[in-house]
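Enquirer: Pasting the sequence and the predicted coordinates here, then a few questions.
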Number of protein chains: 2
Amino acid sequence: MAPSSFTEEGGTAERTQHSEQEPVPQRLLSAATRLFAEQGFETTSVQQIVDAAGVTKGAMYHYFGSKDDLLYEIYARVLRVQMARMEQAADSSESVERRLRAVAADVVVTTVAYLDDTVIFFRSMHLLHPDKQAEVRAQRRRYHERVRQLIEEGQRTGVFRTDRSPELVVDFFFGAVHHLGTWYRRDGPMSGQQVGEQFADLLLDALRA
Amino acid sequence: MAPSSFTEEGGTAERTQHSEQEPVPQRLLSAATRLFAEQGFETTSVQQIVDAAGVTKGAMYHYFGSKDDLLYEIYARVLRVQMARMEQAADSSESVERRLRAVAADVVVTTVAYLDDTVIFFRSMHLLHPDKQAEVRAQRRRYHERVRQLIEEGQRTGVFRTDRSPELVVDFFFGAVHHLGTWYRRDGPMSGQQVGEQFADLLLDALRA
């Protein structure tokens, strides 16, 4: 899959560096991400966020109803990127094996590109209003279901072994992906693309008939 | 591997039910686990914990220096159980494939048995004093290194394929395990043992030569 307009450099790091040139919602999200990372979601006040973003509380409430909305949007934005890229790869005309491989590698690349956002969200999502938690879960479920369909398609067409539960394989693989934030280092020896290729290999090894 | 004295029923659920009969440190840990789960680590006070455990602050400070110590011990206790069981399985006289399989299944079983403790710890470990965080990481690294050695042994002896990075496979597998708390339900269709068997299969599929 071509990486289209998205590059790893377009992730968190760059967004933080150029915050002054960004539109207000992005500046608020960048400031909130940094503060939630540094001092935790609970102990960060709306005042600190607007100060760090250089905007007024009024400007913030024009875009976000609450601190909850900022935390929600930090991850919703990642999910939108991942969903769009996943659908592009999943719906291509490649073989099901190549499509699943592309999807698996890509979700690692995007997770690494938005690693801070992901770490912050997983740490604090239990503090979100239950409605918002349910909304994120529903979106993620849509993502997982599309991946499960690819596994089922491969099983139906004899490319993948049929003695593996597609649902459990999806939980297994995305568990590994969601946990990248605990060990992956940007300044480490492997790029997101390299980890993505290897994770995709491990997934395909466990499925190939 | 025989489950020895450990059973899933010996996990969090039972410990909470029989709290009145438990020694003071266990009562404090049970109360802290429940409160951290219900209202978060940051917003739970030492006073709330000692009230819930039915002990005095003096009694608590006899065993734990701070709220940090309680959070640390919640997970250190899980790690000690996992480490002891892992070493037993890893050092047995079985084939390397069977030893790795037993270790992989067991870490799922113990994670599910102590699921609340694990979820709470991963949510809040970033709030621990850096020394304590480093201590937990060092302990977990010892665990991961023993598993990596098993993979390397299998690669040396021709049982496992050699084109997989043992380190990355370890991170991949334990990522999936550490993430069980986000989707596994005790009242769901699968026991910890069943998930453990299937996770072990997926790991071995990705390694077998």
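Expert: Good, I have the coordinates. Only a predicted model underlies this, so the values are computations on that prediction, with no experimental measurement involved. Numbering: from 1, shown residues only, chains lettered A, B, ... in the order given.
Enquirer: quick one: low-confidence ranges for chain A?
Expert: A:1-20 (pLDDT under 70).
Enquirer: hmm, the longest helix anywhere in it in reach of chain B?
Expert: Assignment by DSSP state H gives helix A:130-156 as the longest helix of chain A. No: applying Cβ under 8 Å from any Cβ of the partner chain, one finds helix A:130-156 separated from chain B by no less than 9.3 Å. For the C-beta atoms, the positions are set from N, CA and C on the backbone; glycine is no exception.
Enquirer: in that helix, what counts as buried?
Expert: By 16 or more other Cβ atoms under 10 Å in any protein chain shown, the buried positions in helix A:130-156 come out as A:132, A:136, A:139-140, A:143-144, A:146-148, A:150-151, A:153-155.
Enquirer: after that helix, next one along is what?
Expert: Using DSSP states H and E, the helix or strand that directly follows helix A:130-156 along the chain is helix A:166-178.
Enquirer: so what's the backbone phi/psi at the residue lying farthest from the centre of chain A?
Expert: What lies farthest from the middle of chain A is A:G158; by Cα atoms, centre = their mean that is 30.6 Å. Main-chain torsions, A:G158, degrees, to the nearest 10: phi 80, psi 10.
Enquirer: What segments of chain A are helices?
Expert: Per DSSP H, chain A carries helices over the ranges A:12-17, A:24-39, A:46-53, A:57-63, A:67-90, A:96-113, A:115-124, A:130-156, A:166-178, A:192-205.
Enquirer: Flag every buried residue along the fifth one.
Expert: Spelled out, that is helix A:67-90. A:67-76, A:78-79, A:81-83, A:85-86, A:89-90.
Enquirer: who does that helix touch, helix- and strand-wise?
Expert: If you count contacts as 3 or more Cβ pairs under 8 Å, 6 or more residues apart in numbering or on different chains; DSSP states H and E, helix A:67-90 packs onto helix A:24-39, helix A:46-53, helix A:96-113, helix A:115-124, helix A:130-156.
Enquirer: Of all the ones you listed, which one comes closest to A:A200?
Expert: helix A:96-113 (3.9 Å; Cβ to Cβ).
Enquirer: Buried residues, the closest one. List them.
Expert: Buried residues in helix A:96-113, counted by 16+ other Cβ under 10 Å: A:96-97, A:99-113.
Enquirer: Report the entries of these that also contact chain B.
Expert: Counting by Cβ under 8 Å from any Cβ, no member of the buried residues of helix A:96-113 is near chain B.
Enquirer: hang on, the earlier thing: please tell me I have it right and the residue farthest from the centre of chain A contacts A:A209.
Expert: Yes: the pair A:G158 / A:A209 is scored as a contact, 6.1 Å apart, by Cβ atoms under 8 Å.
Enquirer: so what's in contact with the two at the same time?
Expert: With Cβ atoms under 8 Å, 6 or more residues apart in numbering or on different chains applied, the contact sets of A:G158 and A:A209 do not overlap.
Enquirer: ok now do the residue lying closest to A:S95 once chain neighbours are set aside, which residues does it touch?
Expert: Nearest non-adjacent residue to A:S95, counting by Cβ to Cβ, 6 or more residues apart in numbering or on different chains: A:V159, 7.5 Å away. Residues near A:V159 by Cβ under 8 Å, 6+ apart: A:S95, A:V96, A:E97, A:R208, A:A209.
Enquirer: and of those, the nearest to chain B?
Expert: Minimum distance to chain B across the contacts of A:V159 is 8.4 Å, recorded for A:R208 (Cβ to the nearest Cβ).
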